[in-house]
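# Okay, predicted coordinates and the sequence, questions at the end:
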Amino acid sequence: MDSPQQGTNIYEEQLRYYQEEINQILKQEKAMTELTARDPEGSMYKKIMLVDELIYMVTLYLAQYQIAVSFLGKKNETLLNEARKAIYKVIINLEEIVSNFIDAPFSDYEEKVRKIEHVPQKQRFYLIRKLGLVIDLVIRAYSDNTKWKWSFVELQGRYATVAKNILDLKDTAETGFDPRSPDYESTMFHLKLVKKLLLQAADQYRARYETATSSIEDFRLAIQYLEAARRIHILLNERSAAEEVKRQIGIWSDKMEKDLQKRKKA
């Protein structure tokens, strides 16, 4: 049987192993930032590479967290907070690459997406799926009674936005819907995921408005996410789904207007 000291040594050694990996990624991040400042050419491709590394860094923090839970028998929120901050770094970088426009025609941010035109669609979808997985893992680790519960609404909404914006919707409309295209399957699955995420973001912002904040801005954002989902339905020629979302937008907009009028009277 291992002595308590031996157990502590194993615990610290395992944490140290992952920390060394994390430190390497942090060095890469610093070097990448300096490199793109000196040479902006191809900077968006460098950022995509950095995003991939940062997602990996989240998994390293989660591994440290699981080790801590296993050895100490309790949560280590310091490690979870580091994982959460790393996710925000990923989101911020993706927003810089493809914009943070929730509901906008593709032409409004097409120029940004063109700067990563050589990133294959399959790679984009894989990146978005990996990001979604680590977000889910971190949120589950915190559990429902965390103080961060309602801030995760914003995180998941921003995730939905970049998941949509990383798609080249012009190329998708031209070739992505062709079953003979090598990108057909990943494009269809990506769009299916985006529709789901946008509707979830709408529901979550509406729930935050009703339950936690009473902020009209939250209600407006909920409606914006519905509008974005409707735009995707229209792109896919899903008329009945687009009409259903349009009806929901009308109902929510009426409710928001009534709430505003009540506040003015009060």
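In hand now; what should we look at? Numbering: from 1, shown residues only.
# Does the spatially most central residue of the chain lie in a helix or a strand, and which?
Nearest residue to the geometric centre of the chain (CA atoms, centre = their mean): residue 159, 2.1 Å. Secondary structure from DSSP states H and E places residue 159 in helix 151-165.
# can you list the weak-confidence ranges in the chain?
1-7, 176 (pLDDT under 70).
# Would you mind finding the longest helix in it?
In the chain, taking DSSP state H as the definition, the longest helix is helix 4-38.
# what helices or strands is it leaning on?
Applying 3 or more CB pairs under 8 Å, 6 or more residues apart in numbering; DSSP states H and E, one finds that helix 4-38 contacts helix 43-72. Using the backbone N, CA and C atoms, a C-beta is placed for each residue, glycine as well.
# what does the next helix or strand after the helix it packs on rub up against?
Downstream of helix 43-72, the first helix or strand assigned by DSSP H and E is helix 77-98. Helix 77-98 has contacts (CB atoms under 8 Å, 6 or more residues apart in numbering) with 29, 44, 47-48, 50-51, 54-55, 57-58, 61-62, 64-65, 68, 109, 112-113, 115-116, 131, 134-135, 138, 141-142, 148, 155, 158-159, 161-162, 165-166.
# relative to helix 4-38, how tilted is helix 77-98?
20 degrees (axes from the mean of the first three to the mean of the last three CA atoms, to 10 degrees).
# quick one: buried residues of helix 77-98?
77, 79-80, 82-84, 86-87, 89-91, 93-95, 97-98 (16 or more other CB atoms under 10 Å).
# Work out for me the element the closest residue to the residue nearest to the centre of the chain other than its chain neighbours sits within.
Residue nearest to residue 159 in three dimensions, not counting chain neighbours: residue 135, with 5.9 Å by CB to CB, 6 or more residues apart in numbering. Taking DSSP H and E as the criterion, residue 135 maps to helix 121-142.
# now the angle from that helix to helix 77-98?
For helix 121-142 against helix 77-98, the angle between stretch directions is 150 degrees (the same axes, to 10 degrees).
# How far does helix 121-142 sit from its chain's centre?
7 Å (CA atoms, centre = their mean, to the nearest Å).
# Give the other helices and strands that the helix holding residue 159 contacts.
helix 77-98, helix 121-142, helix 184-208, helix 216-235.
# What residues sit buried inside the next helix or strand along the chain from it?
Per DSSP H and E, the first helix or strand lying C-terminal to helix 151-165 is helix 169-171. Residues of helix 169-171 classed as buried: 169, 171 (neighbour count, 16+ other CB under 10 Å).
# what sits up against helix 169-171?
106, 110, 121, 235.
# Just give me how far the longest helix of the chain sits from the chain centre.
When C-alpha coordinates are averaged (CA atoms, centre = their mean), helix 4-38 and its chain have centres 24 Å apart.
# Once you drop chain neighbours, what's closest to residue 15?
Closest residue to residue 15 in three dimensions, ignoring its sequence neighbours and counting by CB to CB, 6+ apart: residue 64, at 5.5 Å.
# Against residue 91, how distant is the one you found?
21 Å (CB to CB, to the nearest Å).
# just the buried members of the contacts of helix 77-98?
29, 44, 47-48, 50-51, 54-55, 57-58, 61-62, 64-65, 68, 109, 112-113, 115-116, 131, 134-135, 138, 141-142, 155, 158-159, 161-162, 165-166.
# May I have the phi/psi pair for residue 103?
Dihedral angles of residue 103 (phi, psi; degrees, to the nearest 10) stand at phi -120, psi 100.
# For it, give me its contacts.
Contacts of residue 103 by CB under 8 Å, 6+ apart are 224, 225, 227, 228, 231.
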